[in-house]
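In: Below: sequence and its predicted model.
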Amino acid sequence: MSAIVSAGIDVGYGNGKAVGRTGNDDELRTVVLPVGAAPVEHLTKNVNGIPDPKGGELVLIATKLWVAGIDPMHLQGFARQTHANYMNTDEYMALYFALLAKLQLDRIDYLVTGLPCQDFLNGDMRSKLPKLLAGNHFISTGFRCEVKNVYVVAQPIGSFMAQTEEDPSLLEREDRMTLVVDLGYGTADWCLLQGDSLRDNSSGSSKAAMSMILEKAAKAISKDYDNIQLSSTRLEGALKRNEEFLELGSHNVDFRKYLKSAAREVSRQVMADVATSLRHERDAIDTVVLTGGGASLFERATRDTFGGSQVLVSRNPVLDNARGFQIMAQRVGDAMAEAQLQQVA
């Protein structure tokens, strides 16, 4: 029997993330890509007037050539998709294909991905998404990938699974209450788990997320610096490049203090939404796990709101969901293989 190929993919509003593995012993393949995706005619040009993909992946979407996994600043007329129908868009599929291409696995037996909590619990994408992602995909003229089985979970479950790999004590007691808060670009999502069981009535999503922080910070910077124009995309790029200052015209802006100021307001709003969703719970939250790109910016509000709880900030917040999804995919594959062996025996 050939080794099981498993993968976890997180096609987010801010980045695309993927983790793949062949068997239990192979090294993990990890990919993090910018969210930019558009037909190639939207690319900026080099000095010779030729479209420059800037390291993005060229993929085929309905026989049309797209570039995906590229920094949005290199796309002309790019509009980021942050709505609930994102999973039905060509932009979503282009980024998904780019992640598959970067993983360089021509077969994936089991793939797990996630949806924002609200969409997972209340929408129809939970049943639609596996049909979109599974199949024999012609990614580009030189690469194809067959994805055989796709499973969908609530987004923060991936981070929970990744955290339990580092700290198995989270699963030692069936009554342990663990709140996982995933602070992404387009949504902030939270799941409450009792042991390893999802308490869906106390889980949810909020649109108050990193995108709102970036927009508020960009407006504040513009106001303080001669009303100079600044997009949230450019501000996000400086943050992802781990820069200390943002060169803006003739100014050198300490942009991080603006992000912290905006985060104080937005994080209080998110934590108020989270606390409201937990109002019917009769037991205290033992542990709060913070993950996602905005995790560090929400830590203070989390500690203020859940002062009696242990608060853990993920050490790898960007990749946690994809890693956790891959762990789940591998376990499903192992269980299926074991069942087949027992049938043969």
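Out: In hand now; what should we look at?

In: Got the domain ranges for this structure?
Out: As given by automatic domain parsing, the domain ranges for the chain are 5-155+319-344, 158-209+266-313, 210-258.

In: In CSV, list those along with mean neighbour count and mean pLDDT.
Out: All C-beta atoms are positioned from the backbone trio N, CA, C, and that covers glycine. Conversion of the domains of the chain to CSV gives the following (neighbours: other CB atoms under 10 Å; pLDDT from 0 to 100):
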stretch, mean neighbour count, mean pLDDT
domain 5-155+319-344, 19, 92
domain 158-209+266-313, 19, 93
domain 210-258, 16, 92
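
In: Following element in sequence after the longest strand anywhere in the chain, please.
Out: The longest strand of the chain (DSSP state E) is strand 143-154. Going down the chain from strand 143-154, the next helix or strand is helix 155-166, by DSSP states H and E.

In: can you list contacts of that following helix?
Out: The contact list for helix 155-166 (CB atoms under 8 Å, 6 or more residues apart in numbering) reads 8, 10, 112, 114-117, 120, 170-171, 178, 180-182, 184, 187, 189-191, 193, 198, 203, 289, 291-292, 312, 314-317, 320-325, 327-328.

In: Just the ones in helices from those, please.
Out: 117, 120, 320-325, 327-328 (DSSP state H).

In: mind listing the strands in the stretch 101-250 of the chain by residue range?
Out: With DSSP state E, counting those that start in this stretch, the ranges of strands along the stretch 101-250 of the chain come out as 107-115, 135-140, 143-154, 177-183, 188-194, 197-198, 204-206, 246-248.

In: so which of the ones you listed gets nearest Gln340?
Out: Smallest distance to Gln340 across the strands of the stretch 101-250 of the chain (CB to CB): 12.3 Å, for strand 107-115.

In: Listing partners with orientation, what would you give for the closest one?
Out: Sheet pairing here is set by DSSP bridges, and for strand 107-115 it gives strand 5-11 (parallel), strand 143-154 (parallel).

In: CA atoms of the first one as PDB?
Out: Pointing back at strand 5-11 there. Provided in PDB are the C-alpha atoms of strand 5-11 (Å, rounded to 0.1, in the frame of the first residue of the first chain):
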ATOM      1  CA  VAL A   5      -0.600  11.800   1.200                       C
ATOM      2  CA  SER A   6      -2.300  14.300   3.500                       C
ATOM      3  CA  ALA A   7      -2.600  18.100   3.300                       C
ATOM      4  CA  GLY A   8      -4.100  21.000   5.200                       C
ATOM      5  CA  ILE A   9      -5.000  24.100   3.200                       C
ATOM      6  CA  ASP A  10      -6.200  27.500   4.600                       C
ATOM      7  CA  VAL A  11      -7.200  29.800   1.800                       C
END
